[in-house]
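> what's the 3D shape of this:
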Amino acid sequence: MQPSRIASALGQAALYAVFGGVIALFSGWPAFTALAPDQGQLTVSVSHLGKRLQPCEEIGAEELARLPPNMRAVTRCPRERAPLRLEIDIDGETLLSESAQSTGLSSDGAASFYRRIPLKAGRYQIAVRLRDSPREQGFDYVLESVLSLRPAQIVVVDFDATTGQVVLR
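Residues are numbered from 1 along each chain as shown. Take a look at the predicted model:
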């Protein structure tokens, strides 16, 4: 091999070694822990369609006859959905009390919550309340439970639309 090619290959090998050393250094340093050793986490991850703000209405036969054939639906349903209201109490103290608007151009999509709440490991009395209807007072879904949180455990608050319940996972 020519001396310039040998120098080029050695230079390239040196650069690869430096690059590999930097990767090795940052793969274990600085140390990262998501939670303190005595903490767990309550994660709120709810994405849900609120109920319609106005009920669907039946369309009469005369009005259907006036419509073009491709628009002859028997019912007309406004698209806008109610916002979600979520409250979470831990041992009688309110940790979260928020509303989320429906997404989409016509406010007809799901409303979502995502929060991470670190808690010390232990037993807690938890109450989760969710409203997805247009009413002003009260809640449509309520979960009251005892939460036993271990160190480094993550418990997720979710809404199961198939069963219609707030759940802890």
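> where's Gly21, which helix or strand?
Using DSSP states H and E, Gly21 falls within helix 3-28.
> That helix: how far from the chain's middle?
Between the mean C-alpha point of helix 3-28 and the mean C-alpha point of its chain there is a distance of 43 Å (Cα atoms, centre = their mean, to the nearest Å).
> Likewise for stretch 66-76?
The gap between the average C-alpha position of stretch 66-76 and the chain average comes to 37 Å, counting by Cα atoms, centre = their mean.
> what does it rub up against?
Contacts of stretch 66-76 with the rest of the structure, by Cβ atoms under 8 Å, 6 or more residues apart in numbering, involve 56-59, 64. From N, CA and C alone the C-beta is placed, and that goes for glycine too.
> what about the helices in this protein?
With DSSP state H as the definition, the chain shows helices at residue ranges 3-28, 61-66.
> quick one: which of these is nearest Ser99?
Closest to Ser99 of the helices of the chain is helix 61-66 (Cβ to Cβ; 36.4 Å).
> Can you name the residues bridging to the residue most central in space within the chain?
Averaging the C-alpha coordinates of the chain gives a centre point, and the residue nearest to it by Cα atoms, centre = their mean is Ser45 (3.3 Å). Beta-bridge pairing for Ser45 (DSSP bridges): Tyr114.
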